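Asker: The sequence and its predicted three-dimensional model are supplied below.
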Amino acid sequence: MSDKKKILLIMGILISLFTFASGELYAAGKKKIILIDPAHGGKDPGLKLNKDVSEKDITLTVALLIKQALAGENNLELYLTRESDKTVDLKDRKEIIKKIKPDFFISLHINGGFGKEASGFEIYYPGFNEDVVKGKKTTQDNTLQLKNKCRNESLRMAKIIQENMNVLFPRKGRGLRKADLAVTEDLTVPAVSVEMGFATNPEDKKKLLSVNTQTEIAKILAESIKSFYR
Ligand SMILES: [Zn+2]
């Protein structure tokens, strides 16, 4: 091989190495971190649906199915606050959020109460102290901007989930509700909490206990996350 050819070959290798490395960096920089929170767990069963199944079981199943459904997405990285039936209290969950610093936090729950009549799904999103956000400019402009961004993103995700859930549960949407979530209180992270149905409503309960519905809900939430970042 002539010197000229050698130089060309080395240059070629260097260029492809550089392209590969920058491509990797680019992909890594674009990854969005999603933290799914199957509420309750371990010593805290949440609501009981029957003698064998509690809220903690269904939230975990749905969370694991979401993770599975999004495993092939190159721009998303999924984490769960628990992957088994273990006790994770509110403080632990907050610590996990602080450690993982997700781009989005999604909590899963099952509703209860308001008599047997109440049914359907509800989506909660935090308002990030709207009065403060809308209030006068202060030296903490950056914090305000971040809160604004979190509020807008939370509302946008809540709307997407609502729209998609409406397809599976027509006329079952109880609307979007602005409320601080205990688990993300004092944290500035985009978040929603999905109340998947009512354990106290016989029809909802039957659906929530069915593997089909659990799989459908997981699919809907996975699709919603995908379209949010599309
Ligand atoms: Zn709950």
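Answerer: Everything's here; your move. Numbers count the residues shown, from 1 in each chain.
Asker: Neighbours of the nearest residue to V183 once chain neighbours are set aside, how many?
Answerer: Using C-beta to C-beta, 6 or more residues apart in numbering and skipping residues adjacent in sequence, the residue nearest V183 is R93, 5.1 Å away. Every residue, glycine included, has its C-beta placed from N, CA and C. The tally of other residues near R93 (other C-beta atoms under 10 Å) stands at 21.
Asker: which ones are touching R93?
Answerer: D37, T81, V183 (C-beta atoms under 8 Å, 6 or more residues apart in numbering).
Asker: any chance of the residues you listed in TSV, with secondary structure and distance to the ion too?
Answerer: Converted to TSV, the contacts of R93 look like this (DSSP: H, G, I helix; E, B strand; the rest coil; distance: C-beta to the ion, whole Å):
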residue	secondary structure	distance to the ion
D37	strand	10
T81	coil	13
V183	helix	10
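Asker: Let's have those in CSV, adding pLDDT and neighbour count.
Answerer: Formatted as CSV, the contacts of R93 follow (pLDDT from 0 to 100; neighbours: other C-beta atoms under 10 Å):
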residue, pLDDT, neighbour count
D37, 98, 27
T81, 98, 23
V183, 94, 21
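Asker: picking up where we left off before, confirm the residue nearest to V183 sits in a helix?
Answerer: Yes. Assigned with DSSP: H, G, I helix; E, B strand; the rest coil, R93 falls within a helix.
Asker: Give me the pLDDT for it.
Answerer: R93 carries a pLDDT value of 98.
Asker: same deal with the one 10 residues further on?
Answerer: Each residue has a pLDDT score; the one for D103 is 98.
Asker: Quick check: it touching K32?
Answerer: Yes. When contacts are counted by C-beta atoms under 8 Å, D103 is listed as touching K32 (4.4 Å).
Asker: No more questions from me, cheers.
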